[in-house]
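J.: Give me coordinates for this.
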Amino acid sequence: MEMDTIAAIATGLSNAGISIIRISGKDAIGIVDLLFRAKKENFRLEYAKSHTLHYGILEDNKVLLDEVLVSVMRSPNTYTREDVVEINCHGGIVVTKRILDAVVRCGARLAEPGEFTKRAFLNGRIDLSQAEAVIDIIQAKSNMELENSVRQLRGNIFKEIKDLRQQILLDIAFIEAALDDPEHISLDGFAEKLEGNIVCWQHRLQKMLRTSENGRRIKEGIKTVILGKPNTGKSSLLNLLLGENRAIVTDIAGTTRDTLEEDIILNGIPLNIVDTAGIRWTKDVVERIGVDKAKQAAEKADLILFVVDASGALDDDDAEILRELGKKKVIFILNKIDLPNNVTEIDFEKYLHGIGSDNGDQARFSKEEIIRVSAKEGLGLEDLEQKITEMFFDGKLDFNEGICITNARHKYAMEKADKSLYQVMESIKMGMPEDFYSIDLMDAYRELGGIIGEEVDEDLVNTIFKEFCMGK
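T.: Alright, predicted model coming up:
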């Protein structure tokens, strides 16, 4: 089906140096030709070679719109695999809108969010996982997220899924051929061969699935909760990490009554960090609500920063917090090292072991999780950054050319495919007929196809592209 010609502003709608209006479709060049007056006499865009840039003015009904540069890109070697024209004009809001309005009056229609990338997908230039990588690149909040999205855009996931589907399809085809022509194609010994293939396929799927937790952390940030008694310096630590005075800091215990959330990048690591009310027993109703919210935040955390006042003393409130930690990853921060210290690493390690013996979990924590910090003086931040790096992402930030699953839709499809392959293994063990294998193999094939857009319905495609910004 032939698609109409679409247009949109591809740059941010604000006063800037330049703006770009993008037009894509079979009439893109002809539409802009109606408005464009080249500096070169008698030149028309319809005669322009592909991937060339042309200087001139735009006129609408003999009214000068702007002085522009127009780039012409002919199909199929374009982003959408259609003819594409981009008008580079001055970056004012009014002039950009006037040019877009003129393009629409000449025959284009306004593009929907993500429609250029949707056409790239529908025209076979990119698969669905690559299309989703485009929006991830635009929305990336850290270098780590950006680098992973760029790898996905280059087709890392597509290549792996494509290869898995091809291998599954070969075995499906063999089963179907053997069932249709048993006289010439034998299935003797095929179950054992298929079993070996499935072990290999599941290993590859599970290897990708194991990256999904780190993938979630790359995309959403490590959910980090700061816990501790009142007045241990939790809010000062948050301010230190942020590099600004975001949280109120006083000498009065219990100043923080509610949770305060911020997204930060710490040494390249994205953190979704939550400052909480100090945990202690209290009769104050409002403060008690804050304590409850702190405990709820801790339950959802990937990482807990347990702040201890090294100039003070350990007591029952510290013990209560320790018992709330469960199996969470924890970094113990001995804060206020700029003051005379009453609690050393050795003291705190002994304390941890004492609490651990009460819980029957003496080896739960060690000295390696203890960091000395002065949030007031900015001391110990590098040690904290290094410890977080060691705890997550296998101690390194570089994924090289590997695959890291950041998309929940991809993870869900892989899990369903893995389950279907498990069902095939169960059928083999039970000695079921080979046509039973085909049913579950085909289910796995379809689920994997949904990741790259080869087995996906129109509603899902529309939902994905609605998340895009205009002009992309």
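J.: Gly233: what's it in contact with?
T.: By CB atoms under 8 Å, 6 or more residues apart in numbering, Gly233 lies in contact with 307, 309, 335-336, 375-376. (C-beta placed from N, C-alpha, C; glycine too.)
J.: Mark which of those residues are buried, thanks.
T.: Among these, those buried by neighbour count (16 or more other CB atoms under 10 Å) are 307, 309, 335-336, 375-376.
J.: Make JSON lines from the residues you listed and add secondary structure to it.
T.: As requested, these are exported to JSON lines (DSSP: H, G, I helix; E, B strand; the rest coil):
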{"residue": "Val307", "secondary structure": "strand"}
{"residue": "Asp309", "secondary structure": "strand"}
{"residue": "Asn335", "secondary structure": "strand"}
{"residue": "Lys336", "secondary structure": "coil"}
{"residue": "Ala375", "secondary structure": "coil"}
{"residue": "Lys376", "secondary structure": "coil"}
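J.: For stretch 132-139, which residues meet the burial criterion?
T.: By 16+ other CB under 10 Å, the buried positions in stretch 132-139 come out as 132-137.
J.: Stretch 304-322 now?
T.: Neighbour-count burial for stretch 304-322, counted by 16+ other CB under 10 Å, picks out 304-312, 314, 317-318, 320-322.
J.: Which strand runs longest in this structure?
T.: Ranked by residue count, the top strand of the chain under DSSP state E comes out as strand 63-73.
J.: Can you spell out which helices and strands pack onto that strand?
T.: strand 52-60, strand 84-91, helix 93-105 (3 or more CB pairs under 8 Å, 6 or more residues apart in numbering; DSSP states H and E).
J.: List the strands paired with that strand, with their directions.
T.: Strand 63-73 has the following strand partners under DSSP bridges: strand 52-60 (antiparallel), strand 84-91 (antiparallel).
J.: in that strand, what counts as buried?
T.: 65-66, 68, 70-73.
J.: Tell me the helix or strand right after the lowest-mean-pLDDT helix or strand in the chain.
T.: In the chain, the helix or strand scored least confidently by mean pLDDT, DSSP states H and E is helix 345-359, which has a mean of 68. Scanning forward in sequence from helix 345-359, with DSSP states H and E defining helices and strands, the next element found is strand 370-372.
J.: what does stretch 450-467 rub up against?
T.: Taking CB under 8 Å, 6+ apart as the rule, stretch 450-467 contacts 112-115, 117-118, 121, 127-129, 131-132, 135, 157-158, 161-162, 165, 409-410, 413-414, 445-449.
J.: Could you rerun that using 7 Å?
T.: Contact partners of stretch 450-467, identified using CB atoms under 7 Å, 6 or more residues apart in numbering, comprise 113-115, 117-118, 121, 127-129, 132, 135, 157-158, 161-162, 410, 413, 446, 449.
J.: Now find how far off-centre it is within its chain.
T.: Counting by CA atoms, centre = their mean, to the nearest Å, stretch 450-467 is centred 17 Å from the centre of its parent chain.
J.: end to end, how far does that stretch reach?
T.: Counting by CA to CA, to the nearest Å, the length from the leading to the trailing residue of stretch 450-467 is 18 Å.
J.: in that stretch, what counts as buried?
T.: Neighbour counts over stretch 450-467 (16+ other CB under 10 Å) mark 450-453, 456, 461, 464-465 as buried.
J.: How about stretch 381-388?
T.: By neighbour count with 16+ other CB under 10 Å, stretch 381-388 contains the buried residues 381, 384-385, 387-388.
J.: Then stretch 408-421?
T.: Within stretch 408-421, the residues that qualify as buried by neighbour count (16+ other CB under 10 Å) are 409-411, 413-414, 416-418, 420-421.
J.: and the most far-flung residue of the chain relative to its centre, what is it in contact with?
T.: Ranking residues of the chain by C-alpha distance from their mean position (CA atoms, centre = their mean) puts Glu183 at the top, at 52.0 Å. Residues touching Glu183, when contacts are defined by CB under 7 Å, 6+ apart, are absent altogether.
J.: Over to it. Which of the three states is it?
T.: Using three-state DSSP as the criterion, the local structure at Glu183 reads coil.
J.: quick one: it and Pro433, what's the gap?
T.: For Glu183, the distance to Pro433 equals 18 Å [CB to CB, to the nearest Å].
J.: now do Val72
T.: Using CB to CB, one gets 60 Å for the distance from Val72 to Pro433.
J.: do Thr463 as well
T.: As judged by CB to CB, Thr463 and Pro433 stand 39 Å apart.
J.: same deal with Val68?
T.: Shown here: Val68 relative to Pro433, a distance of 68 Å by CB to CB.
J.: same thing with Leu271?
T.: When distance is defined by CB to CB, Leu271 is 54 Å away from Pro433.
J.: Tell me which of the two has more neighbours.
T.: Between Leu271 and Pro433, counted using other CB atoms under 10 Å, Leu271 has the larger neighbour count: 23 against 11.
J.: which helices and strands does the host helix or strand of that one pack with?
T.: Taking DSSP H and E as the criterion, Leu271 maps to strand 269-275. Under the contact criterion of 3 or more CB pairs under 7 Å, 6 or more residues apart in numbering; DSSP states H and E, strand 269-275 touches strand 222-228, helix 234-242, strand 260-266.
J.: so where is the stretch 251-400 of the chain shaky, pLDDT-wise?
T.: Under the criterion of pLDDT under 70, the regions of the stretch 251-400 of the chain flagged as low confidence span 251-259, 278, 280-287, 354-368, 393-400.
J.: packing partners for the longest helix seen in the chain?
T.: Scanning the chain for the helix with the most residues, using DSSP state H, yields helix 156-180. Contact here means 3+ CB pairs under 7 Å, 6+ apart; on that basis helix 156-180 packs against helix 128-139, helix 190-209, helix 434-452.
J.: which parts of it are buried?
T.: The neighbour-count check on helix 156-180 (16+ other CB under 10 Å) flags 156-158, 160-162, 164-165, 168, 171-172, 174-175, 178 as buried.
J.: before we move on, back to that, and among the helices and strands packed on strand 269-275, the most buried is which?
T.: Among the helices and strands packed on strand 269-275, judged by mean count of other CB atoms under 10 Å, the one packed with the most neighbours on average is strand 222-228 (a mean of 25).
J.: Put the alpha carbons of that one into CSV.
T.: The C-alpha atoms that make up strand 222-228 are tabulated as CSV, following Å, rounded to 0.1, in the frame of the first residue of the first chain:
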residue,chain,number,x,y,z
ILE,A,222,19.9,1.3,40.6
LYS,A,223,17.1,1.8,43.2
THR,A,224,19.2,3.1,46.1
VAL,A,225,17.8,3.9,49.5
ILE,A,226,19.6,5.9,52.2
LEU,A,227,18.8,4.5,55.7
GLY,A,228,19.9,5.3,59.2
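J.: Sheet partners, orientation included, of that strand?
T.: On the basis of DSSP bridges, the sheet neighbours of strand 222-228 come out as strand 269-275 (parallel), strand 303-309 (parallel).
J.: can you put those strands in CSV and add distance to Ser50?
T.: Formatted as CSV, the entries for those read as follows, by distance: least, CB to CB, whole Å:
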stretch, distance to Ser50
strand 269-275, 40
strand 303-309, 51
